[in-house]
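A.B. asks: Structure for this input, please:
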Amino acid sequence: MSFDKSRSAGVLASEIARLYTAALQRRLAPLGLSPAQFLVLSELWSEDGQTQRMLTARLGVEQATMANTLGRMERDGQIERRPHPDDRRAQIVSLTEAARALEAQATAVAREANAVVLGGLPVAEQELFLSMLGRIVSALRAGEGVPPS
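C.D. replies: As a prediction, the model looks like this:
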């Protein structure tokens, strides 16, 4: 019996993620943002002044990946880093005015990309689908010992 990719939760979730990322990237590019930068900004729009370690944990990415992303964002004038007042090894990552000015437009294009993903479902099923995805993510995190984000 062969493996049916159309019945694999992992394969389908991966395809959703790939297509969503491509849709998001197309919409963010005119703003000078990548999907990774958008995720960092969305965390900082929610709570500005986080450390790199906090951002890494909340977004579930590797430390080196976060360091590279933050380096590009600092170069592009989206964030500023300053020494942590209580920990000489840490830096506080803060939004610049330029990044704050992008929030409304960037979140609007992210909503558009999300609508593309959900567009194949009737409105009544969209909330159920999102609820189910959230439960799956929580169960996987718990099973892998990953803290909730």
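
A.B. asks: Roughly how far does residue 38 sit from residue 63?
C.D. replies: Per CB to CB, to the nearest Å, residue 38 is found 20 Å from residue 63. Using the backbone N, CA and C atoms, a C-beta is placed for each residue, glycine as well.

A.B. asks: And the two? Which one has more around it.
C.D. replies: Each of residue 38 and residue 63 has its neighbours counted (other CB atoms under 10 Å); residue 38 has more, 22 against 12.

A.B. asks: Tell me, what's the model's pLDDT at the more buried one?
C.D. replies: Among the per-residue scores, residue 38 shows a pLDDT of 97.

A.B. asks: quick check, residue 92 in a strand?
C.D. replies: Yes - read with DSSP: H, G, I helix; E, B strand; the rest coil, residue 92 is one of the residues of a strand.

A.B. asks: In this structure it contacts residue 79, no?
C.D. replies: No - with contacts counted by CB atoms under 8 Å, residue 92 stays clear of residue 79, the gap being 10.0 Å.

A.B. asks: Which of the two has more residues huddled nearby?
C.D. replies: For the pair residue 92 and residue 79, the greater number of neighbours falls to residue 79 (24 against 17), based on other CB under 10 Å.

A.B. asks: For that one, give me its contacts.
C.D. replies: With contacts defined as CB atoms under 8 Å, 6 or more residues apart in numbering, residue 79 is in contact with 40, 44, 70, 73, 93, 94, 95, 96, 99.

A.B. asks: Highest neighbour count among the residues you listed?
C.D. replies: Top of the contacts of residue 79 by neighbour count (other CB under 10 Å): residue 40, with 28 neighbours.

A.B. asks: Quick check: which ranges of this protein have low pLDDT?
C.D. replies: 147-149 (pLDDT under 70).
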